[in-house]
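Visitor: how does the following fold in three dimensions:
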Amino acid sequence: MADEKQEMKDRVYAELENVIDPELGVDIVNLGLIYDVDLDEKDNVKITMTLTSMGCPLAGTIVSDIKRALNDLREFGEIGEVDVDIVFSPPWDKSMMSRYAKIALGVADN
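Guide: Here you go, the predicted model:
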């Protein structure tokens, strides 16, 4: 059962890689904005994430894009409801980005 949950979490992460931050042009997973994906016993998905800044005007757009990206998994009954929880602790910083995102954005890897 734990293997099935992990496999579904991996699929959710893969779908989230299709959600592009509209300002930066890189997906939210590689930007390091996704802190956790949790599936409960009914396969409802809770995504804990952050934004690059507290006043990000595109928060609603990103949440809508997340739900749209996971819609196929919902329609086929593989997952239940999707809840997105935006948090600001710990605060996001450039060190959370993957190597791919740093290269794409020209950020020095320290």
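Visitor: which elements pack onto the longest helix along the chain?
Guide: Longest helix in the chain by number of residues, with DSSP state H as the criterion: helix 2-16. Here helix 2-16 touches strand 34-39, strand 45-49, helix 59-69, helix 71-75, going by 3 or more Cβ pairs under 8 Å, 6 or more residues apart in numbering; DSSP states H and E. The way it works is simple: take the backbone N, C-alpha and C, and place the C-beta from them, glycine included.
Visitor: who touches that helix?
Guide: Helix 2-16 is contacted by residues 27-29, 34, 37, 39, 43, 45, 47, 66, 69-70, 72-73, 78-79 when judged by Cβ atoms under 8 Å, 6 or more residues apart in numbering.
Visitor: what of stretch 102-110?
Guide: Taking contacts as Cβ under 8 Å, 6+ apart, the residues outside stretch 102-110 that touch it are 24, 25, 26, 30, 94, 95, 97, 99, 101.
Visitor: let's go with 10 Å and repeat that
Guide: Defining contact as Cβ atoms under 10 Å, 6 or more residues apart in numbering, one finds that stretch 102-110 is touched by 24, 25, 26, 27, 30, 31, 94, 95, 97, 98, 99, 101.
Visitor: out of the residues you listed, who's the most crowded?
Guide: Of all the contacts of stretch 102-110, the highest neighbour tally under other Cβ atoms under 10 Å goes to residue 31, namely 26 neighbours.
Visitor: which pLDDT value belongs to the residue nearest in space to the middle of the chain?
Guide: By Cα atoms, centre = their mean, the chain has its centre lying nearest to residue 34, at 4.1 Å. Among the per-residue scores, residue 34 holds a pLDDT of 98.
Visitor: same question, the one 4 residues further on
Guide: Confidence per residue is given as pLDDT, and for residue 38 that number is 97.
Visitor: heads up, I number from 786, so please use that
Guide: Noted, 786 is the first residue going forward, which turns the last one into residue 823.
Visitor: what's near enough to touch the nearest residue to it once chain neighbours are set aside?
Guide: Leaving aside its sequence neighbours, residue 823 sits nearest to residue 831 (Cβ to Cβ, 6 or more residues apart in numbering; 4.6 Å). When contacts are counted by Cβ under 10 Å, 6+ apart, residue 831 touches 821, 822, 823, 824, 825, 866, 867, 868, 869, 870.
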